[in-house]
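>>> need coordinates for the below:
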Amino acid sequence: MRTIITFFLPLILVIMPSIVSAHIYLKPDGNVIPRNTNGVTCDVPGTYHAIFESNSTVDILYSVGIQHDPFEMYLIDNTDENIIYTLVENIPDIKGLNTQSITFPDIECASCTLKLSQNASYSSCADITLTRRENILPTNSVSHIISTQTDQSVFLEWDNPDNINQVMILQSDFYIESTPDSTKQYQNGDEIDGATVIFLEINDTYNVNGLIPQTDYYFQFFTRNMAGNYSKVNPYKATTAEVINNQPMISLEDIRLQSDGVCEQAINIVATVTDVDAGDMHQIQWVTNPVLENQSTDPLEFYNSSSINDGTEKQFEITAVVTDNGAPIKTHSQVYNFSCAADPNLIEDEPIAEANHAPKVVLIAGIQSIYGCEDIVEVFAAIEDEDENDTFTVKWSVEPELENQSLDPLVFMNSTDTSGLQSKHYKFTVNVTDSGVPAQISTKEFDYVCEPHPDQGLVIVDNELSLGGLSHIYLWILAIFAMVMRLKRKV
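Below is the predicted model of the structure:
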């Protein structure tokens with residue numbers, strides 16, 4: 001038993017290709033429908049017949065699976081299976097898909113067979129009808145037309161009738177009633193009575209692109225049979241949809257290198273935009289509160305390093321607004337609250353401000369003549385202050401009113417009172433304001449009084465302090481004291 005299996009195995013391997021692989025066969029997607037595709041024997045005649053015009057030339061598609069000898073094409077009458085006409089002989093045996101041009105005889109045959117034969121052993125057949133043009137009736141047009149519309153396209157679907165070899169679609173802005181010329185070979189782009197040829201195939205679907213939104217379009221369907229005759233028109237109207245612009249969406253992400261929320265890195269926010277409308281263009285606008293400059297050149301990025309590593313707390317409201325170019329225009333915004341804490345390692349302790357001390361003011365009357373009130377009224381101010389760097393503003397006032405003729409802010413002097421032999425009595429008030437923070441003000445009042453005493457000299461009263469009957473030496477000491485106080489003033 002083992003010997004028999006070994007002996008017949010090579011024979012089985014040789015024979016199997018003849019069974020499972022076709023030798024020659026007519027292609028089903030050509031202009032004829034084959035009865036068989038196994039390339040061995042033809043089946044019995046069928047009910048479908050491809051109609052051809054007598055004396056016409058057509059291209060027949062066929063395929064060679066296994067090469068043998070050259071082959072031929074015949075026209076056979078189905079009623080008696082006799083060869084009516086030899087269409088072509090000695091067709092080269094070339095493996096793969098091939099095309100053979102044949103010319104039918106000028107005869108009529110209601111039921112014939114187109115036979116592709118190779119070495120009288122392998123064949124493929126198709127049922128055809130030959131008739132003269134004047135006897136070929138127009139075919140039926142397509143049926144059950146439906147469509148699906150977008151704002152810029154119309155997708156058409158329909159059912160094809162039998163016995164056609166082409167569907168023609170015309171596109172226009174109106175209906176037409178004309179029928180294409182069966183003697184003319186049309187191409188896409190040709191015009192028939194103002195309508196444009198957009199489809200010349202055998203399929204049953206077609207997508208029309210590049211249309212205008214909310215516009216009526218008219219489509220005229222024709223079918224053509226093998227003889228070249230066209231059917232009557234089957235019109236169809238479709239309206240493109242309204243433009244729908246979808247809103248773009250924007251999202252924000254903080255991509256800075258954060259360190260425990262401490263303000264050590266620059267502000268760096270990136271935006272991502274998504275839009276269902278793939279063809280839309282977008283503009284991005286960044287808005288910050290408070291105002292902050294965007295130092296990035298990328299419209300999808302916000303970057304600012306102006307306050308990097310300054311050790312201070314940062315709080316910004318950063319808003320990104322995206323606007324598309326659709327119709328109508330749509331926008332979307334997203335807010336990101338940027339905040340980070342101050343870096344304690346970068347903050348220096350602020351110095352504690354020292355208290356500002358109030359200045360002290362002493363007022364002294366000027367040297368008077370020992371023999372009574374002279375014509376000059378003179379008062380000196382001396383200022384002392386613990387704050388060495390303070391400066392001062394001095395303001396004098398006198399009752400009754402008297403003009404200060406001195407250019408020195410620490411001296412009040414007036415020489416207009418000529419009553420040298422009469423009593424003088426003035427009330428001086430001086431306000432001294434220092435430059436410290438907060439500013440300190442000192443006020444001092446002083447009664448300037450002098451009486452003419454020819455025998456005892458000058459009497460000066462400072463508030464409750466009264467000096468009288470002074471000797472010449474004591475007056476000189478008082479004058480020196482006044483001069484020393486003037487040297488100590490600070491303005």
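>>> contacting residues for Thr288?
Residues near Thr288 by C-beta atoms under 8 Å, 6 or more residues apart in numbering: 294, 302, 316-319. The way it works is simple: take the backbone N, C-alpha and C, and place the C-beta from them, glycine included.
>>> give me the buried positions along the helix or strand in which it is found.
If you go by DSSP states H and E, Thr288 is part of strand 282-289. By neighbour count on 16 or more other C-beta atoms under 10 Å, the buried set for strand 282-289 is 282, 284, 286, 288.
>>> nearest to Asp387, of those residues?
Lowest distance from Asp387 to the buried residues of strand 282-289 (C-beta to C-beta) belongs to Thr288, with 43.8 Å.
>>> what residues are bridge-paired with the closest one?
Counting by DSSP bridges, Thr288 forms beta bridges with Ile318.
>>> roughly how far apart are it and Phe392?
Distance, Thr288 to Phe392, by C-beta to C-beta, to the nearest Å: 47 Å.
>>> so what's the residue positioned nearest the centre of the chain up against?
For the chain, His282 is the residue whose C-alpha lies nearest the centre (C-alpha atoms, centre = their mean; 3.3 Å). Going by C-beta under 8 Å, 6+ apart, His282 touches 248, 273, 275, 322-325.
>>> and if we set it to 6 Å?
Going by C-beta atoms under 6 Å, 6 or more residues apart in numbering, His282 touches 248, 273, 322, 324.
>>> is it in a bridge, and if so with what?
Taking DSSP bridges, one obtains Asp324 as the residues bridged to His282.
>>> looking at it now. What's its pLDDT?
At His282, the model reports a pLDDT of 92.
>>> from Pro299, how far off is it?
9 Å.
>>> low-scoring stretches of the stretch 301-450 of the chain, by residue?
Applying pLDDT under 70 to the stretch 301-450 of the chain flags the ranges 307-311, 343-353, 367-372, 374, 417-421.
>>> change it to 90
Scanning the stretch 301-450 of the chain for pLDDT under 90 picks out the ranges 303-318, 322, 324-333, 335-392, 397-450.
>>> gap between the nearest residue to Asp277 once chain neighbours are set aside and Gln283?
Closest residue to Asp277 apart from its sequence neighbours, by C-beta to C-beta, 6 or more residues apart in numbering: Asn246 at 5.2 Å. Asn246 sits 16 Å away from Gln283, going by C-beta to C-beta.
>>> check Ser101 too.
61 Å.
>>> same check, this time on Ala50
60 Å.
>>> likewise for Val291?
Distance, Val291 to Gln283, using C-beta to C-beta: 20 Å.
>>> likewise for Asp216?
From Asp216 over to Gln283 (counting by C-beta to C-beta), the distance is 34 Å.
>>> Ile376 too?
With the distance defined as C-beta to C-beta, Ile376 ends up 83 Å from Gln283.
>>> quick one on the thing from earlier: and the contacts of His282, which is closest to Asn31?
Using C-beta to C-beta, those come closest to Asn31 at Asp324, 50.0 Å.
>>> residue contacts, that closest one?
Contacts here follow C-beta under 6 Å, 6+ apart; on that basis Asp324 touches 248, 280, 282, 330.
>>> PyMOL command for the buried members of the residues you listed?
Applying 16+ other C-beta under 10 Å to these leaves a buried subset, and the PyMOL line that selects it is:
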select buried, resi 248+280+282+330
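>>> keep only those of the contacts of Asp324 that are in strands.
His282 (DSSP state E).
>>> what is the nearest of the contacts of Asp324 to Trp158?
Nearest to Trp158 among the contacts of Asp324, with distances taken as C-beta to C-beta, is Asp280, at 33.8 Å.
>>> is it true that that closest one touches Gly326?
Yes: with contacts counted by C-beta atoms under 6 Å, Asp280 reaches Gly326, the gap being 5.4 Å.
>>> tell me where this structure has helices.
Counting by DSSP state H, the segments of the chain that form helices are 2-20, 472-487.
>>> which one of those has the poorest average confidence?
Mean pLDDT is lowest for helix 2-20 among those, at a mean of 36.
>>> okay, now the unreliable bits of the stretch 1-150 of the chain?
Along the stretch 1-150 of the chain, the parts satisfying pLDDT under 90 run over 1-74, 76-102, 106-112, 115-141, 150.
>>> mind listing the strands for it?
24-26, 50-53, 57-64, 71-77, 83-91, 96-103, 109-118, 122-131, 143-149 (DSSP state E, counting those that start in this stretch).
>>> understood, closing this out.
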